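# Sequence first, then the predicted structure, then my questions.
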Amino acid sequence: MSQGKVLMAMSGGIDSTVAALMLHKQGYEVIGITMKTWDYETSGGGNTGKKETGCCNLDSFNDARQAAVQHGFPHFILDIREEFGGFVIENFVEEYIAGRTPNPCVMCNTHIKWRALLKRADALGCDYIATGHYAQVHLHTNGRYFISKGVDESKDQSYALWGLQQDLLKRTLLPLGTYHKTAIRQMAHDFGYPELAKKSESYEICFVPDNDYRGFLKRKVDGLEEKVNGGDFVNKDGKILGTHKGYPFYTVGQRKGLDIALGKPAFVTKIIPETNTIVLGEEEDLYQTEMTVTGINWMKYDEISDSMDAVTKIRYKDKGALSSLFNVNNSLSVKFYENVKGVAPGQSAVFYEGNDVIGGGVIQREI
């Protein structure tokens, strides 16, 4: 008996391919879909002569289709470049221009990928949507769905899924959440795809495959380099230390590539776009105990009381730090019990209760 009909997002990589085959074996009626989100033309890269990488190359499309055909379920390619570029890429550029550090993968999951999947799932009469993320979906006794960490802490992707809303979560299957990567590699062998187990994984931003986000910004914003070049490096007291290449080309916490000699290590501690100013300091200046977070999506609970304690992660690989959360108007004040390093406006703050995601939001500024 069929477990239901599921639209499976397949990138052609090991994780989504094994997830699709797992669901197929478990009795789900699987439809594979590969989303084309980006190419050099839409990213402003032009004809660079470089091969598209990550989830958007022809080899990946063919690998996903081949796995589907071999196991007898349909596969489609969905072109969402317009949806993706109109939001994710524009947001990426706007955030850097605003002096913040964006998190495009979170924005894509929250606003584009899951919505695109659900829209097509409804059109195809699917009960569920599924991805190859290492995380879990659970139903609380209060009736709310929430994300929990994957059991493989080294691969856990719960941080990137904090923005998913209830209508998306209740239709989402994450087959890999209870497995370690080693087990998934073995399954790839068992399913007859040993080459998948050897396939390299991309950790780049899909539309910046050379990891040169500065070059990407220059291509996307006409005259940007000329407009912002020559701003001041200053210390925390406002003393001018030298000139920089333009505030959008720096990130909070950056140490390398500053091209300034101060006789000791210097770090970007603050970006002031209004005056094209970069504040430099010592490593200790990167530590703080408070921040403001907006755009909150509550997940495990529909809201919190005036305050509660949680472990807060401020970046993907952050181990998290114990903090108190306080509702302040339409934002959240986060006060850490210990100093945390490198709070960067624009990045995501995700709040955990044990392994469960309570919710998350976007870091705005220090208090």
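Yep, that arrived.
# Ends of stretch 149-164, what's the gap?
14 Å (CA to CA, to the nearest Å).
# List the buried residues in it.
Buried residues in stretch 149-164, counted by 16 or more other CB atoms under 10 Å: 149-152, 155-164. No exception for glycine: its C-beta is placed from N, CA and C like everyone else's.
# quick one: which of those is nearest R214?
A160 (23.4 Å; CB to CB).
# what about the strands in the stretch 51-200 of the chain?
Residue ranges of the strands in the stretch 51-200 of the chain, as given by DSSP state E, counting those that start in this stretch, are 75-79, 128-130, 135-139, 145-149, 172-173.
# Surely F76 is in contact with M35?
No - using CB atoms under 8 Å, F76 is not in contact with M35, being 9.7 Å away.
# Please say which of the two ends up with more neighbours.
M35 (24 against 16; other CB atoms under 10 Å).
# give me the number of residues near D127?
Neighbourhood size, D127 [other CB under 10 Å]: 15.
# Could you check how far it is from H140?
As judged by CB to CB, to the nearest Å, D127 and H140 stand 21 Å apart.
# got it, and L325?
18 Å.
# neighbour count winner among these two?
Shown here are L325 and H140; by other CB under 10 Å, L325 has more neighbours (23 against 12).
# contacting residues around that one?
For L325, the contact set (CB atoms under 8 Å, 6 or more residues apart in numbering) comprises I304, S307, M308, D309, A310, T312, L332, S333, V334, F351.
# Which of those lies at the shortest distance from T178?
Taking CB to CB as the measure, F351 is the one of the contacts of L325 closest to T178, at 22.7 Å.
# The closest one falls within a strand, correct?
Yes - the assignment for F351 is a strand, going by DSSP: H, G, I helix; E, B strand; the rest coil.
# So it is in contact with D309, correct?
No - between F351 and D309 there is no contact, the gap being 9.6 Å when judged by CB under 8 Å.
# okay, the two: which has more neighbours?
The neighbour comparison of F351 against D309 (other CB under 10 Å) goes to F351, with 28 against 12.
# Return the residues in contact with that one.
With contact set as CB under 8 Å, 6+ apart, F351 has these partners: A310, V311, T312, S323, L325, V357, I358, G359, G360.
# partners of the fifth one in the sheet?
When you say that, I think you mean L325. M308, V334 (DSSP bridges).
# what does the model give it for pLDDT?
For L325, the pLDDT comes out at 97.
# same check, this time on the second one
We note a pLDDT of 98 for V311 in this prediction.
# Now tell me which helix or strand of this protein has the poorest mean pLDDT.
helix 40-43 (a mean of 51; mean pLDDT, DSSP states H and E).
# State the distance from the spatially most central residue of the chain to Y316.
What sits nearest the mean C-alpha location of the chain, by CA atoms, centre = their mean, is C105, with 2.8 Å. Distance of C105 to Y316, given as CB to CB: 8 Å.
# Now the common contact residues for these two.
When contacts are counted by CB under 8 Å, 6+ apart, C105 and Y316 have A160 as shared neighbours.
# secondary structure element for T292?
Assigned by DSSP states H and E, T292 belongs to strand 287-298.
# name the element the closest residue to I184 other than its chain neighbours belongs to?
Nearest non-adjacent residue to I184, counting by CB to CB, 6 or more residues apart in numbering: V18, 5.2 Å away. Per DSSP H and E, V18 falls inside helix 14-25.
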